[in-house]
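> here are the coordinates; sequence isn't available:
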């Protein structure tokens with residue numbers, strides 16, 4: 001099943017780089033089910049993370065503000081699920097929490113302004129993914145490094161998506177999409193592999 005997720009992820013990234021939107025209606029929605037089949041999530045938080053991510057993947061296949069809002073809502077739920085799964089790891093350290101809080105506040109302001117009419121949901125989303133990232137730094141023991149790296153890559157993926165969506169980058173949007181999906185697929189793998197190591 002590891003091979004199946006790798007093949008599905010690489011195929012979707014290649015299709016992204018080629019701008020093959022029709023073919024991606026098969027590969028992109030398959031990512032989270034294939035990952036879940038590898039090792040079923042243990043705990044409600046991990047399950048919500050997978051389900052919310054799948055719903056977000058499906059929503060963002062369409063263009064326009066309405067699908068984007070739906071995708072934001074689905075991934076916001078996913079990040080809350082992941083944050084719940086991570087939070088049982090321990091207490092946050094100030095050395096990690098302060099930078100996470102600063103980054104979250106900065107992202108909320110910057111992306112909120114870039115988003116224009118979508119500013120409010122984008123700011124809420126920035127807070128949610130920031131909370132997920134902060135929660136990832138509390139994990140100790142087996143899988144901790146994978147979870148922290150996965151959370152960081154997830155944040156990177158969403159930052160790239162936002163910069164492309166709001167026109168800051170993206171002269172070649174298909175390459176931005178490929179970068180988004182590369183970091184996203186690896187992030188999901190690391191998070192779930194890390195969580196599996198803890199159970």
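Alright, I've got the coordinates. Being a predicted model, the structure only gives us computed values, none of them experimental.
> lowest confidence element among the helices and strands of the chain?
Of all the helices and strands that make up the chain, helix 94-114 has the lowest average by mean pLDDT, DSSP states H and E, namely a mean of 84.
> buried set for that one?
Buried residues in helix 94-114, counted by 16 or more other Cβ atoms under 10 Å: 100, 103, 104, 107, 108, 110, 111, 112, 114. (C-beta placed from N, C-alpha, C; glycine too.)
> Outside of that helix itself, which residues are in contact with it?
Contacts of helix 94-114 from elsewhere in the structure, counted by Cβ atoms under 8 Å, 6 or more residues apart in numbering, are 119-120, 122-123, 126-127, 129-131, 133-134, 137-138, 159, 162, 166-168.
> Next SSE downstream of it?
Next in sequence after helix 94-114, counting helices and strands by DSSP states H and E, comes helix 119-136.
> distance of the closest residue in space to residue 126 that isn't next to it in sequence from residue 158?
Counting by Cβ to Cβ, 6 or more residues apart in numbering, the nearest residue to residue 126 once its immediate chain neighbours are dropped is residue 108, at 4.0 Å. Separation of residue 108 from residue 158 (Cβ to Cβ, to the nearest Å) stands at 12 Å.
> again, but for residue 44
Residue 44 sits 23 Å away from residue 158 when distances are taken as Cβ to Cβ.
> for the host helix or strand of residue 15, which positions count as buried?
Remark: residue 15 resides in helix 2-18, with elements defined by DSSP H and E. Using 16+ other Cβ under 10 Å as the burial criterion, the residues of helix 2-18 that qualify are 5, 8, 9, 11, 12, 13, 15, 16, 17.
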